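J.: the amino acid sequence is not available; the structure is as follows:
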């Protein structure tokens, strides 16, 4: 009886440790594991992983901002507004960090580094917006000239705001 109880305890602890380790892996690894579990292959798997990673990163940022809003005891519209601004700020910080690293890799400094980072962040923002416009066009099942026209107008409208 004691052996059975000990065995179950060890198995239970192993399961907890396995779940903790799984939860602490990088988003990329988590998404790859989920895609494998779903038996996805090729481009479908790659698209799933890309969307999954993005979702996990957004959820993580939103969670951080939700916690900060709770710490500030915000509620209602003030909380919603705070979280939206917080997530945008974290996204910009991510892009700036990527661009800072690229500038460091290029061994840039001073005004050249500042200029490079500013242009890099703008380029990443445009790329993000282009991706969003492409996704909306795909959701609307646009193709050919209609898709191209929609995406161009979408990008143009976003830069005028």
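T.: Structure received. Computed from a predicted model, the values in this text were never measured in an experiment.
J.: how about the helices in the protein?
T.: Applying DSSP state H to the chain gives helices spanning 2-23, 27-37, 42-71, 76-105, 110-139, 144-160.
J.: can I get those in JSON lines with mean pLDDT and mean neighbour count?
T.: Heads up, the C-betas are built off the backbone N, CA and C, glycines and all. Shown next, in JSON lines, are those (pLDDT from 0 to 100; neighbours: other Cβ atoms under 10 Å):
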{"stretch": "helix 2-23", "mean pLDDT": "42", "mean neighbour count": "9"}
{"stretch": "helix 27-37", "mean pLDDT": "87", "mean neighbour count": "15"}
{"stretch": "helix 42-71", "mean pLDDT": "84", "mean neighbour count": "14"}
{"stretch": "helix 76-105", "mean pLDDT": "87", "mean neighbour count": "14"}
{"stretch": "helix 110-139", "mean pLDDT": "87", "mean neighbour count": "14"}
{"stretch": "helix 144-160", "mean pLDDT": "86", "mean neighbour count": "12"}
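J.: ok, residue 155 - contacts?
T.: Neighbouring residues of residue 155 by Cβ atoms under 8 Å, 6 or more residues apart in numbering: 126, 129, 130, 133.
J.: just put these in TSV and tack on distance to residue 69.
T.: As requested, those are exported to TSV (distance: Cβ to Cβ, whole Å):
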residue	distance to residue 69
126	30
129	26
130	31
133	30
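J.: what count of nearby residues applies to residue 108?
T.: Using other Cβ atoms under 10 Å, residue 108 is surrounded by 16 other residues.
J.: just checking, it touches residue 120?
T.: No: if you go by Cβ atoms under 8 Å, residue 108 and residue 120 don't touch, sitting 10.5 Å apart.
J.: give the closest residue to residue 45 in space, chain neighbours not counted.
T.: By the measure of Cβ to Cβ, 6 or more residues apart in numbering, the closest residue to residue 45 outside its immediate chain neighbours is residue 35, 4.7 Å from it.
J.: with the contacts of residue 155 in mind, which one is nearest to residue 28?
T.: residue 130 (22.7 Å; Cβ to Cβ).
J.: quick check: the gap between that closest one and residue 72.
T.: Per Cβ to Cβ, to the nearest Å, residue 130 is found 35 Å from residue 72.
J.: and what of residue 63?
T.: 15 Å.
J.: one more: residue 122?
T.: Counting by Cβ to Cβ, the gap from residue 122 to residue 72 is 31 Å.
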